[in-house]
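>>> Sequence and predicted structure below; questions after.
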Amino acid sequence: MKNDINTIELFCDYYKQWIDVYKKGAIREATMAKYLMTQKWVERLVPELKLSELTRTAYQKLLNDYAKEHERQTTLDFHHQLKGAILDAVDEGLIKRDPTRKAIIKGKTPRVKKIKYLNQFELHTLIAHLNLGETVNWDWFILLVAKTGMRFSEALAITPGDFDFARQTLSINKTWDYKGKGGFQPTKNKSSVRKIQIDWQIVVKFSELMKNLPEDKPIFVGDTKIYNSTVNDVLTRHCKECGISEISIHGLRHTHASLLLFAGVSIASVARRLGHASMTTTQKTYLHIIQELENKDVDLVMRTLSGL
């Protein structure tokens, strides 16, 4: 690459070629889209910055300018995506010293993100309103996500062969590339490969539904391209007709986790069921629920102690 790039002066041009040489065809489309977005920001923020002028100060200024419009975590991702290319430039002798060393990551104050989820009564109302006929439709999909907490792409990839009705388990070991050209692809991370328990109602209903379906073909995917907005529209319509809170398919995943936590299921078990890489993810995502449960625990402790 050094011979090809020695004549390139601008950092944005170097980064563009680095993505093309090292990332194109080697990473998932969704990840590639993030690199291309980073490239656009580099072109926007430092269009005239020469590779030879990429000092620690210049790099820190680039990060600071990016951080003015993004939260800290997004700025950190931006930094990580640039760092690989810059370290390669250092190795190739195109930059004398690593300008990313001791970089300070800043960012806008994060918005308070309130997770939308249904309470138990609302979920019961929604499920009762679903049209669960003899053929596969999006209402069956909504039921499955509500009962399992799967991610949208995981649920799309489910085949009849993934069900083990005798053991009441469902294997999650792949996703469906609905954002790209379709087809199976790996799960989000290793922790996402898992077997989850399913209740007897799902066993009875889905064993009947899938009687004549091919074992290795996704249940919910047909010949046309799938958009998550299509399924979200179906779910929103049900919520409106039921007079309950309007949520998205991802909100059903939060609903599933929330109900388990309120029922007393441990954070570790919920993390495994959701396919989170660590319990930290679960704790951060459902902090508001965990705090509410801790308050209940304090009340219980006080009542117990006062009764001694």
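Structure received.

>>> Quick check: Phe11 touching Leu45?
No - Phe11 lies out of contact with Leu45 (Cβ atoms under 8 Å); the separation is 10.3 Å. Every C-beta, even on glycine, is put in place using the N, C-alpha and C of the backbone.

>>> Looking at these two, which is more packed in?
A count of neighbours by other Cβ atoms under 10 Å puts Phe11 above the other of Phe11 and Leu45, at 28 against 17.

>>> Please name the nearest non-neighbouring residue to Lys83.
Distances taken as Cβ to Cβ, 6 or more residues apart in numbering place Thr100 nearest to Lys83, at 4.9 Å, with adjacent residues excluded.

>>> Which phi and psi values does that neighbour adopt?
phi -90, psi -10 (degrees, to the nearest 10).

>>> contacting residues for it?
59, 79, 82-83, 86-87 (Cβ atoms under 8 Å, 6 or more residues apart in numbering).

>>> With Ser52 instead?
Here Ser52 is in contact with 9, 94-95 (Cβ under 8 Å, 6+ apart).

>>> ok, now Thr230?
Thr230 neighbours (Cβ under 8 Å, 6+ apart): Trp138.

>>> separation between the residue nearest to Lys83 and Val203?
53 Å (Cβ to Cβ, to the nearest Å).

>>> and if you look at Arg273?
17 Å.

>>> between the two, who's got more neighbours?
With neighbours defined as other Cβ under 10 Å, Arg273 and Val203 compare such that Arg273 has more, 21 against 18.

>>> How about that one, nearest residue that isn't a chain neighbour?
Using Cβ to Cβ, 6+ apart, the closest residue to Arg273 is Ile196 (5.4 Å).

>>> Below-threshold pLDDT in the stretch 151-300 of the chain: ranges please.
Within the stretch 151-300 of the chain, the segments meeting pLDDT under 70 span 296-297, 300.

>>> what ranges do the helices span in it?
Along the stretch 151-300 of the chain, counting by DSSP state H, counting those that start in this stretch, helices occupy 152-156, 200-209, 228-242, 249-262, 267-274, 279-285, 287-306.

>>> what does the stretch 1-150 of the chain give?
Using DSSP H, counting those that start in this stretch, helices in the stretch 1-150 of the chain cover 2-5, 11-18, 29-45, 56-67, 72-91, 120-129, 138-148.
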